[in-house]
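Asker: Next come a sequence and a model predicted from it.
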Amino acid sequence: MAEPLRVLVVEDEPIAAEAHATCVGQVPGLVVAGVAATGRAALKMLQESNIDVVLLDMNLPDVHGLEVVRAMRAAGHRADVIAVSSARDLDLMRSAVSLGVVQYVLKPFAFATLRDRLRAYLDYREAHVTTLEVGTQAEVDEVFAAVRPTRSTTLPKGMSEELLGRVVTALREAPEALSARELAAALGVSRVTARRYLEHLQESGLATRRSRYAGAGRPEVEYRWSS
């Protein structure tokens, strides 16, 4: 049996880092080799350990994820990189592709999406590990398609990418934490709908939740962007 691929998780948000590591551990054939909270720590681990795949957050507190990839390549590290980011900048995505980033997983996401991407990457590695060259265009297309699956499992049933994007924007730009009631009023949706999306962000590790006490009566739950 082949040795599992060793994955380095690079994520500065502790809740998200733990969730990403858990997700990696749920994919047979992959194992977490380490977790780094900064780009410099990631580069140090790459220097000291044998790493096959880097699951890399683009927005790190010390250096940008793209700079981490550039430093990796300059140092001769050939580990594949799967980017995980909330950044929707097309130029950033193009730069990632030009540096050899094999996948770009957009936050927020359902963790089934990350598992699918990791499984697709593993299938790609296993399918082509003994093949040194391809003979046809169809085989070339298969190589590139394998690591970028098109099947969408991004969100739970009944949720839309468009509304999720609006929720993310509202929460990220809010100067203070928002309750489901406040978010619903800002976006023109029902409180139940707002709460469902906020809970999804919290379960994905992208928002924190706590009780807000304001005098007598039942406390209100508020949410704050954490990534």
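Answerer: Noted; the coordinates are in hand.
Asker: Which of the helices or strands spans the residue nearest to the spatial centre of the chain?
Answerer: The residue lying closest to the centre of the chain (Cα atoms, centre = their mean) is residue 84, at 3.3 Å. Secondary-structure element containing residue 84, defined by DSSP states H and E: strand 80-85.
Asker: What are the structural domain limits within this structure?
Answerer: Per the record's domain assignment (automatic domain parsing), the chain is made up of the domains 5-146, 161-225.
Asker: can you redo these as TSV with mean pLDDT?
Answerer: TSV is the format used below for these (pLDDT from 0 to 100):
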stretch	mean pLDDT
domain 5-146	83
domain 161-225	87
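Asker: Residue 58 is in contact with the residue nearest to the centre of the chain, correct?
Answerer: Yes - the pair formed by residue 84 and residue 58 meets the contact definition of Cβ atoms under 8 Å, at 7.4 Å. (Glycine included, C-beta is placed from N, CA and C.)
Asker: Run the angle between the biggest helix by length in the chain and strand 80-85 for me.
Answerer: If you go by DSSP state H, the chain has its longest helix at helix 111-128. Note on geometry: by axes from the mean of the first three to the mean of the last three Cα atoms, to 10 degrees, helix 111-128 and strand 80-85 are set 170 degrees apart in direction.
Asker: mind checking how far helix 111-128 is from the chain centre?
Answerer: Distance of helix 111-128 from the chain centroid (Cα atoms, centre = their mean, to the nearest Å) equals 14 Å.
Asker: and that helix, which residues are buried?
Answerer: Across helix 111-128, burial judged by 16 or more other Cβ atoms under 10 Å covers 111, 113, 114, 116, 117, 118, 119, 120, 121, 122, 124, 125.
Asker: circling back: bridging residues for the residue nearest to the centre of the chain?
Answerer: Assessed by DSSP bridges, residue 84 has beta-bridge partners residue 57, residue 105.
Asker: confidence score at the residue lying closest to residue 28 once chain neighbours are set aside?
Answerer: Taking Cβ to Cβ, 6 or more residues apart in numbering, and ignoring the residues beside it in sequence, residue 28 has residue 4 as its nearest neighbour in space, at 7.8 Å. Each residue has a pLDDT score; the one for residue 4 is 90.
Asker: Look up how far residue 10 lies from residue 4.
Answerer: Counting by Cβ to Cβ, to the nearest Å, the gap from residue 4 to residue 10 is 19 Å.
Asker: Among these two, which residue is more densely surrounded?
Answerer: Relative neighbour count places residue 10 above the other of residue 4 and residue 10, with 28 against 16, counting by other Cβ atoms under 10 Å.
Asker: isn't the more buried one right up against residue 53?
Answerer: No - with contacts defined as Cβ under 8 Å, residue 10 does not count as touching residue 53, sitting 10.9 Å away.
Asker: circling back to that earlier point, ok, residues contacting the next helix or strand along the chain from the strand holding residue 84?
Answerer: Toward the C-terminal end, the helix or strand that comes next after strand 80-85 (DSSP H and E) is helix 90-98. Residues outside helix 90-98 that contact it (Cβ atoms under 8 Å, 6 or more residues apart in numbering): 58, 66, 69, 81, 83, 85, 104.
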